[in-house]
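[1] coords please:
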Amino acid sequence: MKNAKIPNFFHDKPLFGLDIGHSSLKVMQIAEQASKSGGHTRHNQLVGYGFASFDKAALEDGVVVQPEVVAKAARELFEHHLIGDITTRRVTIAIPAYRTFTRSLQLPKLKPNELAEAVKLEAEQYISMPLEELYLDYEIIKQDEESTILFAVAVPQTIVDSYLELAQLLGLETVLIEPTLGSAGRLFAADEQSDMATIIIDFGARSADISIFDKRVLVTGTVQGGGENFTDSIQKTLGVTPLEAGMIKTRYGLSVSKKQAEIKRALDPTLEKIVKEIQRMMRYYEERYGAERPVGQIVTLGGGANMPGLSGYLTEALRLAVRHTDPWQYFSYADLQVPSDADKPMYATAAGLSLAHPGEVFSK
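    The predicted model follows:
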């Protein structure tokens, strides 16, 4: 990354998070520091962050098809628009959840080499793509004398390879690639109320990525419909311009207003899909995990989650307490300028990535 502020390496080998969105990228680096009290409590000090836009044609179905376009935006960000600094070339990257295949599997207890083969056989049953076109990984959740419960993730090789090509163009060392659901779970793990089973909804630009988290991500789902979809629906239903639709969404949303009924009618189809998917996931969780630890709350993240009235809508539909989580509450940032309240949510994935440890590696 010529002329950028990034040196080769620090001795402690820190890393930063890179979130490549629909037409934008966000970066964030956190430094974990011991508390001044000298105890075991630690806090996360924000080192640097930033945001840049690029032509949405550079991405196609999650694949970076024009890496030079995204690389140019990244270089501009690193060289001229960072708040604070990024002090490392080691990067963690998130893949949109809607472009991944995830599933919890229960298998007989097997030897490690037999388990890997069994996961492949199971994956062939629920993934529409040929396995030779995917990278497949899994994590063991629970194991006893009779069975193994694991969480499997498969990602199209074209997406992963395009991200690796982009990182190479920028002179970065990729140490972790994961679905955005993993980043959301890691971020929520820093929450004071993360000790109860929780539904996490990450509202992105084009999808709502949903997971049930209980010490780790156990169940996942995705609904096509995010912040940009909300804007499009309001525009079509109310007959306004895209700019006006965006203003209506952020100013009024589903809260009480003269246009509340029209806005609700515009958003209902997508929101009903989200509610039905959550209900399906809760039934699955309760059947497999939830006898002793039922879901106790819903937490919303992401750029589309701060729409007025959204938490109330979900609370009424699902009969669970819903709260919106600001990713910035988990960090201290000293004298660094912070983004506006409207922009803070869009850093949720980058923040979750920045909290990763170098030992977490998505293997190819």
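[2] and the lowest-mean-pLDDT helix or strand in the chain, what does it pack onto?
    Lowest mean confidence among the helices and strands of the chain (mean pLDDT, DSSP states H and E): strand 24-34, at a mean of 84. For strand 24-34, the elements it packs on are strand 16-20, strand 42-53, helix 67-76, helix 348-354, judged by 3 or more Cβ pairs under 8 Å, 6 or more residues apart in numbering; DSSP states H and E. (Glycine included, C-beta is placed from N, CA and C.)
[3] and the gap between residue 226 and residue 300?
    Noted for residue 226: a distance of 12 Å to residue 300, by Cβ to Cβ, to the nearest Å.
[4] let me redo that: residue 104
    Taking Cβ to Cβ, one finds residue 104 at 23 Å from residue 300.
[5] counting neighbours, go ahead and name the busier of the two.
    residue 300 (23 against 18; other Cβ atoms under 10 Å).
[6] the host helix or strand of the more buried one - contacts with which helices or strands?
    Assessed by DSSP states H and E, residue 300 sits inside strand 297-301. Contact analysis of strand 297-301 by 3+ Cβ pairs under 8 Å, 6+ apart lists helix 180-188, strand 198-203, helix 310-318, strand 322-324 as its packing neighbours.
[7] if we go to 7 Å?
    Under the contact definition 3 or more Cβ pairs under 7 Å, 6 or more residues apart in numbering; DSSP states H and E, strand 297-301 sits against strand 198-203, helix 310-318, strand 322-324.
[8] buried sites along the shortest one?
    Right, the one you point to is strand 322-324. The neighbour-count check on strand 322-324 (16 or more other Cβ atoms under 10 Å) flags 322, 324 as buried.
[9] list the neighbouring strands of whichever helix or strand comes after it plus their orientation.
    Moving toward the C-terminus from strand 322-324, the next helix or strand (DSSP H and E) is strand 331-332. Sheet pairing of strand 331-332 (DSSP bridges) gives strand 42-53 (parallel).
[10] I'd say residue 62 and residue 160 touch.
    No. Counting by Cβ atoms under 7 Å, residue 62 sits too far from residue 160 to count as a contact (9.9 Å).
[11] what does the helix or strand hosting residue 243 contact?
    Element membership for residue 243 (DSSP H and E) is helix 242-251. Here helix 242-251 makes contact (Cβ atoms under 7 Å, 6 or more residues apart in numbering) with 230-231, 234-235, 238, 240, 259, 263, 307, 342.
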